[in-house]
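S.K.: please find the sequence and the predicted model below.
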Amino acid sequence: MATEDKNRATAAAILPLVGGAANVSSVVHCMTRLRLGLRDRSLVDDEALKALPAVMGVVEDDTYQIVLGPGTVARVTPEFEQLVEEGRAAEPTPAHTTTADELAAQGAAIKAERKAKNATPFKLFLRKIANVFVPLIPALIGCGIIAGLNGLLVNLGWLTSVTPALAAMASGFMALIAVFVGYNTAKEFGGTPILGGAVAAIIVFPGVANIEAFGQKLSPGQGGVLGALGAAVLAVYVEKWCRRWVPEALDVLVTPTLTVLVSGLVTIFGLMYVAGEVSTAIGDFADWLLSNGGAGAGLVLGGFFLPLVMLGLHQALIPIHTTLIEQQGYTVLLPILAMAGAGQVGAALAVYLRLPRNESIRRTIKSALPAGLLGVGEPLIYGVSLPLGRPFITACVGGAFGGAFVGFFNQLGSAVGSTAIGPSGWALFPLLDGNHGLGTTIAIYAGGLLVGYLAGFVATYFFGFSKDLLAEFNVSQEPAASTVAATGGPATPVTDPASEPARA
């Protein structure tokens, strides 16, 4: 079957299981997930969806998320969108009968209950921040890989006529990343995106070098993505104020002018300096943390990252990663956090061996393991370790040991970083960078993965199962639907407050 036919077949299989075209209100995708806005959650057949070969799992958050994996989701989404448009054109929206109304009310109640658990103001704010940066991940990855290729060619002295062009491709986006952050921030917080971009563009404009604030000359780019974030949020509030008070006849002239003027002045004479100080402090603290407490810091970061993902708190790290990449060329935190995924893989392998008679869970592990090795951890988390309980904890132990290994070498002076956020596991190798050469950096990261695999395996094999748990699950029949679904995920959709780009 041609690739296009396969992607269209996947989209066609998914559509009726989410209630058809009339039930889909929005379609977007991130690194690994097809994210759908649904009118009636009760029309979704979760178990049938998870049984589809291309589906790695489902997650319910503010949108209904179908995990398809990197690469696949970007190809299936356009086909799905086209099928939705065709379905809407061909079929009128069905009238709601009394039964449908009752089902819709039931579905809405379920959705509201699940969302309420994770709809705290702080988590909603973090989700907005994540939504600002997630669309930037493809460019960060592409430019990061080109930067790594360019560095390799420069070190080898090859293709010297091409390397300046590669350097321009790798650096162009990062030079203007503040503009994209400003645009996305205004869009996410309810303002006019282009005005957010216009205000953020001030930060990277070379002419700011002629301006003095707080007794010193400003530098182009000072404040970076944090300054752009703050400037764009301010622009949104100024714009909304203007929309309320400026007469409609003058709105088109006055509102954008005041938005850029007021926000721009505050950005130049306040935010750039303050955000610059904060950005510098973040970089200094990350360097100090790993230089002085590398192994211990790595142990804590690697061990607690999976729980952070479960709580949605990992989203607070996204601006920090981006700031470090902007400042230093790479983030030293991501390779350590990626060890959580290594612990998860090791734990899954131990579960596979400890439950030789449970074909359902073993099938789930076999199908989800390749994705887990590439850093896509949702199928293993929600289909294996989390429903079983103890293996989730022992997976965290594996992540802690792997993080300690990478952190220890940081403490010795060998920084291991990533030039982009999003990928994890083996998929992070093309994006690795450090201060002691690519070979050393790759060797340390690979060593961390091996330690994480081994520690997660050993902890789970010997401590991941109680006698009762083994007796319940190590049987030849299918496990109870209330615990682990035969299709490779939990029997009921799991509310996951986490979103991209953090991979487990």
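M.R.: In hand now; what should we look at? Values in this document were obtained by computation on a predicted structure and should not be read as measured data.
S.K.: show me the strands in the stretch 201-350 of the chain, by range?
M.R.: Under the criterion DSSP state E, counting those that start in this stretch, the stretch 201-350 of the chain contains strands at 212-213, 216-217.
S.K.: could you measure from residue 46 over to residue 31?
M.R.: Going from residue 46 to residue 31 by Cβ to Cβ, to the nearest Å gives 22 Å. Every C-beta, even on glycine, is put in place using the N, C-alpha and C of the backbone.
S.K.: which one of the two has more residues nearby?
M.R.: Under the neighbour definition other Cβ atoms under 10 Å, residue 46 and residue 31 were set side by side, and residue 31 has more, 23 against 20.
S.K.: the more buried one: what secondary structure?
M.R.: For residue 31, the secondary-structure state derived from DSSP: H, G, I helix; E, B strand; the rest coil is coil.
S.K.: make 106 the starting number, not 1.
M.R.: That works, and once the first residue is 106, the last one we named lands at residue 136.
S.K.: that one contacts residue 242, correct?
M.R.: Yes - between residue 136 and residue 242 there is a contact under Cβ atoms under 8 Å: 6.2 Å.
S.K.: can you pull the domain assignment for the chain?
M.R.: Listed by automatic domain parsing, the domain ranges of the chain are 108-222, 237-396, 408-600.
S.K.: need those domains in a markdown table (columns: mean pLDDT and distance to residue 228).
M.R.: Converted to a markdown table, the domains of the chain look like this (pLDDT from 0 to 100; distance: least, Cβ to Cβ, whole Å):
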| stretch | mean pLDDT | distance to residue 228 |
| --- | --- | --- |
| domain 108-222 | 76 | 10 |
| domain 237-396 | 92 | 15 |
| domain 408-600 | 85 | 5 |
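S.K.: and among those domains, the most buried is which?
M.R.: The highest mean neighbour count among the domains of the chain belongs to domain 408-600 (a mean of 22), with neighbours defined as mean count of other Cβ atoms under 10 Å.
S.K.: how far does the host helix or strand of residue 185 sit from its chain's centre?
M.R.: Secondary-structure assignment from DSSP states H and E places residue 185 in helix 177-195. In this view, helix 177-195 has its centroid 23 Å away from the chain centroid, taken as Cα atoms, centre = their mean, to the nearest Å.
S.K.: check stretch 160-168 too.
M.R.: Averaging C-alpha coordinates over stretch 160-168 and over its chain gives two centres that are 14 Å apart (Cα atoms, centre = their mean).
S.K.: what does stretch 245-265 give?
M.R.: 25 Å.
S.K.: contacts for it?
M.R.: Taking contacts as Cβ atoms under 8 Å, 6 or more residues apart in numbering, the residues outside stretch 245-265 that touch it are 267-268, 271-272, 274-279, 427, 430, 434, 523-528, 535-538, 542-543.
S.K.: and if we set it to 7 Å?
M.R.: Residues lying outside stretch 245-265 but in contact with it, judged by Cβ atoms under 7 Å, 6 or more residues apart in numbering, are 268, 271-272, 274-275, 278-279, 524-528, 535-536, 538, 543.
S.K.: show me those residues that map onto helices.
M.R.: With helices defined by DSSP state H, the entries of these inside them are 268, 271-272, 274-275, 278-279, 543.
S.K.: from the residues you listed, which single one is nearest residue 446?
M.R.: Comparing these against residue 446 with Cβ to Cβ picks out residue 543 as the nearest, at 21.6 Å.
S.K.: what about the closest one, distance to residue 531?
M.R.: 16 Å.
S.K.: same question for residue 290.
M.R.: When Cβ to Cβ is the yardstick, residue 290 and residue 531 sit 33 Å from each other.
S.K.: next: residue 503.
M.R.: Between residue 503 and residue 531 the distance is 16 Å, computed by Cβ to Cβ.
S.K.: residue contacts, residue 519?
M.R.: For residue 519, the contacting residues are 539, 541, 545, 549, by Cβ under 7 Å, 6+ apart.
S.K.: redo that, cut-off 10 Å
M.R.: Taking Cβ atoms under 10 Å, 6 or more residues apart in numbering, we find residue 519 in contact with 399, 511, 513, 539-542, 545-546, 548-549.
S.K.: does it count as helix, strand or coil?
M.R.: Classified using three-state DSSP, residue 519 is coil.
S.K.: what's the separation between it and residue 421?
M.R.: For residue 519, the distance to residue 421 under the criterion Cβ to Cβ works out to 27 Å.
S.K.: what are the ranges of the strands in the stretch 156-305 of the chain?
M.R.: For the stretch 156-305 of the chain, the strands identified by DSSP E, counting those that start in this stretch occupy 162-165, 169-172, in order along the chain.
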